[in-house]
Structure formats: C-alpha cells, structure tokens
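**Q** Give me coordinates for this.
(2 chains)
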Amino acid sequence: KSGFGQLKDAYNLFDKMLRCRPLFSVVNFTQLLSGVVRMKEYGSGVILYRKMCMLGLPINVYGVNIVMNCFCYLNRVDMGFAMLGCLFKLGYKPDEVTFTTLINGLFKGNRIKDAMELFLKLVIGKVCEVNEIIYGTVIDGLCKSGNTSKALELLRLMEKKGSVKPNIVMYNTIIDSLCKDRKVSDGLQLLSEMVVNGIPPDILTYNSLVRGLCSFGRWEEVKQLMMDMRNASVYPVVVTFNILIDGFAKEGRMKEAEDMLQIMVEKGESPNTVTYNTLMDGYCLRGEMEEATRVLRTMLASGCEPSIQSYSILLNGYCKNRKVDDAIDLFKRLSSEGLASDVVTFNIMIQGLFEVGRCADAMKLISEMHAQGESPSITTRCIVLNGLCKNGFVSEAQLLLCEMENKGISLH
RNA sequence: GAUAAUGCCGCGUAC
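**A** Predicted coordinates for the structure are as follows:
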C-alpha cells in the first residue's frame, strides 16, 4: 500500500493482483506503480507500466503522469513528451501535474529555454490551472541551473502581481540556492523578508542557512540562528545535526563533531548513514583512518546500512593518505560483496592509482567502469588528463583531448 | 482513495 522493501515484493504483489478476480481497480494498480517509483526505481516503473499496457490493465492520467516522471528522472524528457500521445490515445488530456512534470524534466535535462517557454505558454494560454507548484518547480529549476537571480526576479514579480503568491517552498528554494552561491547574507536578508511577509521559516529554511554559515566558518551567526530557531519553536532534525557535524569535520574539529553527535542523540534524533559518512570523512581528512574505520564499525553495529558513498569516503581517505593498497583491497571487497561502485568511486580509485604512477592499472579501471555501465563524468576526464600529464604521457593526453573535442565534450 | 516544487555526506583541474 505504501512502501516496498524490495522490488521483488512489488512484482510479487503485481502477480497476485493479476490473479485476483474481480480485477483490482485503476487506483490499486496506480498505487503499486507509485510504490515502485517511490523506491527511485524509475526504470522498473517504466517496465511495469509497459506490462500494464500490454495486459490491457486500466490506466488513467495518474499512471501516465507517474511514468512521465520516471522518464524525466531517467533524463529522458523526450520520452516523457512522447507519453503525451499515449495520454490522448487513452482519451485523457494533460493536466497541471503533467505539465509540472515535463517542466521539471526539461530543467533536469538542462533545457532551460524549453522549460521557460512551456511555462510561459501555460501562463499565457489557458492550457491548465497554473498553481503554486508549477511556480515552485520553475523557481527550483532556475535555481538549480545556476539562475538564482532569475528565480528571485520571478519571486518579486509574484509578490507584486498575479494570483499565485510566493510560499514557503519558493522562499526556501531561493534561500538555499543563494547560500550555495556563497551569498549567505542575501539568504539571511530573504529570511527576514519572508517573516515580514507573514511566512514563518521552517526547518528546511534554517538548514540551508546553517549550512551556508557553517561553510564560511561564521560560527557566531550559526549560534545566533540556532537560538532564533529555538525561539520560533523550530527544532533541529537529523539533517540539521549532520550539517553542524559536517561544519566541524571540514575544519578538522572532530572533538566538537563527536560532541554534536552526542547532543543529537540526547535530543532524541538517531544518527543516519549521512551522519556516519560525515564523521568518517572528517577523520579521513585528518588522516586518521583507524578512527574512520571505527566509525564504519559503529555504523554497522547500529544497524545503519552503509551506502556506496560511505565506502567512497573511506577509499578516498586511503588514497589521499598514500595507502592505495588498502584502497585496492577495500575496492575489491566491494565488488565481491555485490555493492555497485558509482562514477565517483571509480574516479577516486583512478586518481589514486595515477598518483602513485600506476597508469596501466588506472586505465584498466576505466574499462571496468565502462563495462559496468558507468559513463565517465567531466571529473573523470580531468582526472585522466591530469594523471596522464603528471606521469609524462603528455602526447597521450593531447590525443585524448582531441578525441573529446571531436565528440563535442567540454571540460566545463 | 493513487501522480508534480524546497534541506545534509564522497571525486578533478585551475584560482
């Protein structure tokens, strides 16, 4: 009904539902689909939808919208738009959810202009209701594509005219983006504005600002903000503590980071995977690998499931502290335990190998990465180019650079 | 009764 532990459970339920007579309703099948998507199994969502189509099961605009969303998260907005055809064939019209999903997909695919065009069409023509979620989606898309000032302009416009007024999500989105753009003071300014406009900040607002202040070492203001939170009866959650722990850890202040963990537990918040990852990274930065592995053991003992990021942090720690062989051991154990490395894991290992001059091994890992279906990122290319150059393979690096230029790959 | 917007951790170069 709500969530599945595993994909298998979802498919088992699907089979059971198929055998049941009378047949389950559209709503039940849509709920199943939604459950799969909630696990972030977007590819499986598409497959499930196709099965449902082939079996002639009932589908309505809810289901199609869900599948569109899957395509968007798979970075296939084009397929999302193709779903419009299916929608019409089924006799439905796209609604505001459909369009929000597509706008979101366009932004995620970095098609900012197309997203804005579609948005303007909705606003001008009476295609569908233009609600606050659509505005919120556009503001988020603008922010996350590096156009925070445009997002702010839109917010200002909404304050002045139009039926949709700025809400807390929009303020939070822009405040977060300002902080990430290193404009923390502008973020704080917007915070006072939202208060004036009668929109009290929530924990997400504070988290963004606390993170911004921490990352610039503005600890006095962090303290002040935490007191403001308390006075506003907004209480820190695990993410807040993780941000504070990370702030200390990045400055190498592990004693204070551990104290913060203690405080967090006393306040009744349980540490999660990110909490442990953050602590591990802090110790790795200080070269204290035995402390880092101690944290990993604590995490395992507490029943917290390490993520691939947990291991990447450790691998990075080993590599940066001249312990590549330990990294290789751990890396091998990962694949034998069936934990899939992602592109960052590979990047860390490739760089580690280049740095100790093991170029052939590094290149081998690149093939392995391809074999596992991971595409190299911009960072991968930089690491390889840099690695080749530093090891005297300048002409090879040039060759690679040419290839990239021919393929139209930019390093920015 | 089912679908859409906001917060935390890992990798590079240069500065």
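**Q** near RNA strand B, which residues of the stretch 51-200 of chain A show up?
**A** Within the stretch 51-200 of chain A, the positions near RNA strand B by Cβ under 7 Å from any atom of the strand are A:60-63, A:65-66, A:69, A:95-98, A:100-101, A:104, A:131-137, A:139-140, A:167-170, A:172-173, A:176, A:180. To be clear about C-beta, it is placed using only N, CA and C from the backbone, and glycine gets the same treatment.
**Q** next structured bit after the helix or strand encompassing A:Arg230?
**A** Element membership for A:Arg230 (DSSP states H and E) is helix A:219-231. Heading C-terminal from helix A:219-231, the first helix or strand you meet, by DSSP H and E, is helix A:238-250.
**Q** That following helix vs helix A:219-231, what angle?
**A** 170 degrees (axes from the mean of the first three to the mean of the last three Cα atoms, to 10 degrees).
**Q** Give me the pLDDT for the nearest residue to A:Phe119 once chain neighbours are set aside.
**A** Excluding its sequence neighbours, the residue lying closest to A:Phe119 (Cβ to Cβ, 6 or more residues apart in numbering) is A:Val138, at 5.2 Å. In this model, A:Val138 is scored at 98, pLDDT.
**Q** who's in contact with the helix or strand A:Val138 falls within?
**A** Assigned by DSSP H and E, A:Val138 falls within helix A:132-144. Outside helix A:132-144, the residues that touch it by Cβ atoms under 8 Å, 6 or more residues apart in numbering are A:96, A:99-100, A:103-104, A:106-108, A:112, A:115-116, A:119, A:122, A:148, A:150-151, A:154-155, A:158, A:164-165, A:167, A:169-170, A:173-174, A:176-177.
**Q** how about that helix: buried residues?
**A** A:Glu132, A:Ile134, A:Tyr135, A:Gly136, A:Thr137, A:Val138, A:Ile139, A:Asp140, A:Gly141, A:Leu142, A:Cys143, A:Lys144 (16 or more other Cβ atoms under 10 Å).
**Q** same question, stretch A:352-362
**A** Going by neighbour count (16+ other Cβ under 10 Å), the buried part of stretch A:352-362 is A:Gly352, A:Leu353, A:Phe354, A:Glu355, A:Arg358, A:Cys359, A:Asp361, A:Ala362.
**Q** Same check on stretch A:248-265?
**A** Buried-residue list, stretch A:248-265, by 16+ other Cβ under 10 Å: A:Phe248, A:Ala249, A:Lys250, A:Arg253, A:Met254, A:Glu256, A:Ala257, A:Glu258, A:Met260, A:Leu261, A:Met264.
**Q** Surely the first one is in contact with A:Asn242?
**A** When you say that, I think you mean A:Phe248. No. Shown here, A:Phe248 and A:Asn242 do not form a contact pair, counting by Cβ atoms under 8 Å, at 11.0 Å.
**Q** circling back to that earlier point, among the residues of the stretch 51-200 of chain A next to RNA strand B, which are located in helices?
**A** With helices taken from DSSP state H, the overlap with these comprises A:61-63, A:65-66, A:69, A:96-98, A:100-101, A:104, A:132-137, A:139-140, A:168-170, A:172-173, A:176, A:180.
**Q** Filter the residues you listed down to just the buried residues.
**A** Judged by 16+ other Cβ under 10 Å, buried ones among those: A:61-63, A:65-66, A:69, A:96-98, A:100-101, A:104, A:132, A:134-137, A:139-140, A:169-170, A:172-173, A:176, A:180.
**Q** Go through the buried residues of helix A:132-144 and name the one nearest A:Phe393.
**A** The shortest gap between A:Phe393 and any of these belongs to A:Lys144, at 36.9 Å (Cβ to Cβ).
**Q** tally of neighbours for A:Pro166?
**A** Other residues near A:Pro166 come to 22 when the count uses other Cβ atoms under 10 Å.
**Q** And it, how close does it get to A:Thr173?
**A** Distance, A:Pro166 to A:Thr173, using Cβ to Cβ, to the nearest Å: 10 Å.
**Q** Please determine how far A:Ser44 is located from A:Gly56.
**A** Separation of A:Ser44 from A:Gly56 (Cβ to Cβ) stands at 20 Å.
**Q** Please identify which of the two sits among more neighbours.
**A** Neighbour count, other Cβ under 10 Å: between A:Ser44 and A:Gly56, A:Ser44 has more, with 17 against 7.
**Q** Tell me which helix or strand the more buried one sits in.
**A** helix A:42-54.
**Q** which residues sit against that helix?
**A** With Cβ under 8 Å, 6+ apart, helix A:42-54 has contacts from A:7, A:10, A:14, A:29, A:32-33, A:36-37, A:59, A:63, A:66-67, A:69-71, A:73-74.
**Q** Please tell me I have it right and A:Glu129 contacts A:Glu96.
**A** Yes. Using Cβ under 8 Å, A:Glu129 is in contact with A:Glu96, at 5.0 Å.
**Q** Tell me the gap between stretch A:44-53 and the middle of its chain.
**A** 24 Å (Cα atoms, centre = their mean, to the nearest Å).
**Q** what comes up buried for that stretch?
**A** A:Ser44, A:Gly45, A:Val46, A:Leu48, A:Tyr49, A:Met52.
**Q** Quickly note the distance from A:Asn321 to RNA strand B.
**A** According to Cβ to the nearest atom of the strand, to the nearest Å, A:Asn321 and RNA strand B sit 12 Å apart.
**Q** Show the contacting residues for the residue nearest to that residue when sequence neighbours are not counted.
**A** Among residues not flanking A:Asn321 along the chain, A:Gly287 sits closest, at 4.8 Å (Cβ to Cβ, 6+ apart). A:Gly287 makes contacts with A:Gly317, A:Lys320, A:Asn321, as judged by Cβ under 8 Å, 6+ apart.
**Q** change it to 10 Å
**A** Neighbouring residues of A:Gly287 by Cβ atoms under 10 Å, 6 or more residues apart in numbering: A:Gly317, A:Lys320, A:Asn321, A:Arg322, A:Lys323.
**Q** The last one and A:Glu290 touch, don't they?
**A** No. Look at A:Lys323 against A:Glu290 with Cβ atoms under 10 Å: they stay out of range, at 11.3 Å.
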